[in-house]
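Colleague: with the sequence up front, the predicted model follows.
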Amino acid sequence: MIKISREKKAHIIDKLSEIFAGCSIGILADYRGISAPQMTKLRRRLREQGIEYRVVKNTLARFAAERAGREELTGFFEGPVAITFGYGGITEPARALADYIRDSKATLDIKGGFLSDRLLTAEMVMVLAALPSREVLLTKVVTGMQSPITALVICLTSPMRGLVNILQARIQKLEGEKNVGQ
(Lines give C-alpha, C1' and ligand atoms only; values in the text may rest on other atoms or scores of the structure.)
Protein backbone atom coordinates (compact mmCIF):
# COMPACT_ATOMS: atom_id res chain seq x y z
CA MET A 1 0.00 0.00 0.00
CA ILE A 2 1.37 3.40 -0.98
CA LYS A 3 1.64 6.01 1.75
CA ILE A 4 0.68 9.55 0.80
CA SER A 5 2.17 12.51 2.65
CA ARG A 6 -0.09 14.91 4.52
CA GLU A 7 0.70 17.72 2.10
CA LYS A 8 -0.21 15.53 -0.88
CA LYS A 9 -3.49 14.50 0.81
CA ALA A 10 -4.32 18.15 1.52
CA HIS A 11 -3.61 19.03 -2.11
CA ILE A 12 -5.84 16.15 -3.35
CA ILE A 13 -8.68 17.22 -1.02
CA ASP A 14 -8.39 20.84 -2.21
CA LYS A 15 -8.40 19.81 -5.86
CA LEU A 16 -11.36 17.43 -5.40
CA SER A 17 -13.39 20.01 -3.48
CA GLU A 18 -12.83 22.50 -6.33
CA ILE A 19 -14.01 19.88 -8.81
CA PHE A 20 -17.09 19.03 -6.69
CA ALA A 21 -17.98 22.72 -6.51
CA GLY A 22 -17.29 23.49 -10.18
CA CYS A 23 -18.83 20.57 -12.06
CA SER A 24 -22.38 20.55 -13.38
CA ILE A 25 -22.91 16.83 -12.74
CA GLY A 26 -21.09 14.01 -10.98
CA ILE A 27 -21.79 10.29 -11.32
CA LEU A 28 -20.39 7.79 -8.83
CA ALA A 29 -19.74 4.22 -9.90
CA ASP A 30 -18.32 1.02 -8.48
CA TYR A 31 -15.59 -0.04 -10.89
CA ARG A 32 -14.99 -3.50 -9.41
CA GLY A 33 -14.44 -6.10 -12.12
CA ILE A 34 -13.13 -3.74 -14.78
CA SER A 35 -9.67 -4.58 -16.08
CA ALA A 36 -6.95 -1.98 -16.52
CA PRO A 37 -7.27 -1.94 -20.35
CA GLN A 38 -11.05 -1.47 -20.04
CA MET A 39 -10.49 1.39 -17.56
CA THR A 40 -8.03 3.03 -19.96
CA LYS A 41 -10.49 2.70 -22.83
CA LEU A 42 -13.27 4.23 -20.70
CA ARG A 43 -11.07 7.14 -19.60
CA ARG A 44 -10.00 7.84 -23.18
CA ARG A 45 -13.60 7.75 -24.44
CA LEU A 46 -14.75 10.13 -21.69
CA ARG A 47 -11.78 12.48 -22.12
CA GLU A 48 -12.61 12.85 -25.84
CA GLN A 49 -16.02 14.21 -24.80
CA GLY A 50 -14.58 16.62 -22.21
CA ILE A 51 -15.64 14.46 -19.27
CA GLU A 52 -13.31 13.76 -16.36
CA TYR A 53 -13.13 10.31 -14.73
CA ARG A 54 -11.32 9.85 -11.43
CA VAL A 55 -10.74 6.94 -9.10
CA VAL A 56 -10.61 8.42 -5.60
CA LYS A 57 -9.71 7.32 -2.11
CA ASN A 58 -12.93 7.25 -0.12
CA THR A 59 -11.64 9.13 2.92
CA LEU A 60 -10.18 11.93 0.80
CA ALA A 61 -13.35 12.10 -1.29
CA ARG A 62 -15.50 12.36 1.86
CA PHE A 63 -13.41 15.27 3.14
CA ALA A 64 -13.56 16.98 -0.27
CA ALA A 65 -17.34 16.50 -0.54
CA GLU A 66 -17.86 17.96 2.92
CA ARG A 67 -15.60 20.91 2.14
CA ALA A 68 -17.53 21.56 -1.11
CA GLY A 69 -20.85 21.50 0.78
CA ARG A 70 -21.96 18.12 -0.55
CA GLU A 71 -22.28 16.19 2.70
CA GLU A 72 -25.08 14.05 1.23
CA LEU A 73 -22.50 12.28 -0.96
CA THR A 74 -20.45 10.86 1.91
CA GLY A 75 -22.62 7.72 2.08
CA PHE A 76 -21.63 6.78 -1.48
CA PHE A 77 -17.94 6.49 -0.67
CA GLU A 78 -17.78 2.84 0.32
CA GLY A 79 -15.90 0.23 -1.65
CA PRO A 80 -14.09 1.08 -4.88
CA VAL A 81 -15.51 4.35 -6.21
CA ALA A 82 -14.84 6.28 -9.39
CA ILE A 83 -16.43 9.64 -10.12
CA THR A 84 -17.34 10.97 -13.55
CA PHE A 85 -17.39 14.78 -13.61
CA GLY A 86 -19.23 16.67 -16.34
CA TYR A 87 -18.82 20.39 -16.91
CA GLY A 88 -21.15 21.08 -19.84
CA GLY A 89 -24.43 19.38 -20.57
CA ILE A 90 -25.84 17.16 -17.85
CA THR A 91 -26.87 14.28 -20.08
CA GLU A 92 -23.52 13.65 -21.81
CA PRO A 93 -21.67 12.01 -18.88
CA ALA A 94 -24.65 9.77 -18.07
CA ARG A 95 -25.08 8.83 -21.74
CA ALA A 96 -21.34 8.17 -22.15
CA LEU A 97 -21.27 5.82 -19.15
CA ALA A 98 -24.46 4.04 -20.22
CA ASP A 99 -23.11 3.63 -23.76
CA TYR A 100 -19.84 2.25 -22.43
CA ILE A 101 -21.63 -0.23 -20.17
CA ARG A 102 -23.87 -1.36 -23.06
CA ASP A 103 -21.08 -1.56 -25.68
CA SER A 104 -18.40 -3.23 -23.58
CA LYS A 105 -20.74 -5.26 -21.37
CA ALA A 106 -18.60 -4.03 -18.47
CA THR A 107 -19.59 -4.63 -14.87
CA LEU A 108 -19.45 -0.92 -14.05
CA ASP A 109 -22.17 -0.35 -11.45
CA ILE A 110 -23.58 3.17 -11.16
CA LYS A 111 -24.18 4.05 -7.50
CA GLY A 112 -25.77 7.46 -7.99
CA GLY A 113 -24.69 11.02 -8.48
CA PHE A 114 -25.39 14.68 -7.98
CA LEU A 115 -26.70 17.51 -10.09
CA SER A 116 -26.22 21.02 -8.72
CA ASP A 117 -27.63 20.64 -5.20
CA ARG A 118 -29.73 17.54 -5.97
CA LEU A 119 -28.79 13.96 -5.18
CA LEU A 120 -29.41 11.42 -7.97
CA THR A 121 -30.17 7.73 -7.62
CA ALA A 122 -28.77 5.18 -10.07
CA GLU A 123 -32.18 5.05 -11.77
CA MET A 124 -32.22 8.83 -12.21
CA VAL A 125 -28.79 8.69 -13.83
CA MET A 126 -30.06 6.08 -16.30
CA VAL A 127 -33.09 8.29 -17.08
CA LEU A 128 -30.70 11.17 -17.80
CA ALA A 129 -28.77 8.88 -20.14
CA ALA A 130 -31.96 8.13 -22.07
CA LEU A 131 -32.90 11.79 -22.58
CA PRO A 132 -32.34 13.25 -26.04
CA SER A 133 -29.46 15.68 -26.48
CA ARG A 134 -29.90 19.42 -26.02
CA GLU A 135 -29.84 20.00 -29.79
CA VAL A 136 -32.64 17.47 -30.37
CA LEU A 137 -34.77 19.05 -27.64
CA LEU A 138 -34.20 22.55 -29.06
CA THR A 139 -35.18 21.31 -32.52
CA LYS A 140 -38.41 19.89 -31.12
CA VAL A 141 -39.20 23.18 -29.36
CA VAL A 142 -38.58 25.23 -32.50
CA THR A 143 -40.67 22.82 -34.59
CA GLY A 144 -43.45 23.04 -32.02
CA MET A 145 -43.35 26.83 -32.14
CA GLN A 146 -43.21 26.87 -35.93
CA SER A 147 -46.18 24.56 -36.49
CA PRO A 148 -48.96 26.94 -35.33
CA ILE A 149 -47.45 29.80 -37.34
CA THR A 150 -47.41 27.66 -40.48
CA ALA A 151 -51.03 26.63 -39.86
CA LEU A 152 -52.02 30.30 -39.45
CA VAL A 153 -50.35 31.28 -42.73
CA ILE A 154 -52.14 28.44 -44.54
CA CYS A 155 -55.46 29.47 -42.98
CA LEU A 156 -55.00 33.14 -43.92
CA THR A 157 -53.90 32.43 -47.50
CA SER A 158 -56.59 29.82 -48.14
CA PRO A 159 -59.46 32.27 -48.94
CA MET A 160 -57.14 34.28 -51.18
CA ARG A 161 -56.11 31.11 -53.02
CA GLY A 162 -59.80 30.17 -53.43
CA LEU A 163 -60.59 33.59 -54.92
CA VAL A 164 -57.66 33.31 -57.33
CA ASN A 165 -58.85 29.84 -58.42
CA ILE A 166 -62.38 31.14 -59.06
CA LEU A 167 -61.07 34.10 -61.08
CA GLN A 168 -58.82 31.83 -63.16
CA ALA A 169 -61.72 29.47 -63.87
CA ARG A 170 -63.90 32.41 -64.93
CA ILE A 171 -61.14 33.73 -67.21
CA GLN A 172 -60.77 30.31 -68.82
CA LYS A 173 -64.53 30.06 -69.29
CA LEU A 174 -64.71 33.51 -70.89
CA GLU A 175 -61.75 32.70 -73.17
CA GLY A 176 -63.47 29.43 -74.10
CA GLU A 177 -66.72 31.26 -75.00
CA LYS A 178 -64.72 33.87 -76.94
CA ASN A 179 -62.92 31.14 -78.93
CA VAL A 180 -66.23 29.35 -79.69
CA GLY A 181 -67.84 32.59 -80.92
CA GLN A 182 -65.05 33.25 -83.41
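Modeller: The structure has been received and is ready for your questions.
Colleague: look at residue 45 and give its secondary structure.
Modeller: helix (DSSP: H, G, I helix; E, B strand; the rest coil).
Colleague: for the remainder of this discussion, apply numbering that starts at 43.
Modeller: Happy to do that; since the first residue is 43 now, the last one works out to residue 87.
Colleague: next one, pLDDT for it please.
Modeller: In this model, residue 87 is scored at 87, pLDDT.
Colleague: count of neighbours near the closest residue to it other than its chain neighbours?
Modeller: Distance criterion CB to CB, 6 or more residues apart in numbering; nearest residue to residue 87, sequence neighbours excluded, is residue 142 at 6.2 Å. C-beta here means a position set from N, CA and C on the backbone, and glycine is covered the same way. Neighbour count of residue 142, defined by other CB atoms under 10 Å: 19.
Colleague: my guess is residue 142 contacts residue 84, does it?
Modeller: Yes: counting by CB atoms under 8 Å, residue 84 is a contact partner of residue 142 at 5.5 Å.
Colleague: name the residues contacting each of these two.
Modeller: By CB atoms under 8 Å, 6 or more residues apart in numbering, residue 142 and residue 84 have these common neighbours: 148, 150.
Colleague: the bottom helix or strand of the protein by mean pLDDT?
Modeller: With mean pLDDT, DSSP states H and E as the measure, the helix or strand of the chain carrying the lowest mean pLDDT is helix 176-223 (a mean of 79).
Colleague: what's the pLDDT at the spatially most central residue of the chain?
Modeller: For the chain, the residue nearest the mean C-alpha position is residue 133 (1.6 Å; CA atoms, centre = their mean). As predicted, residue 133 sits at a pLDDT of 84.
Colleague: who touches it in this structure?
Modeller: 170, 171, 173, 175, 176.
Colleague: cool, thanks, talk later.
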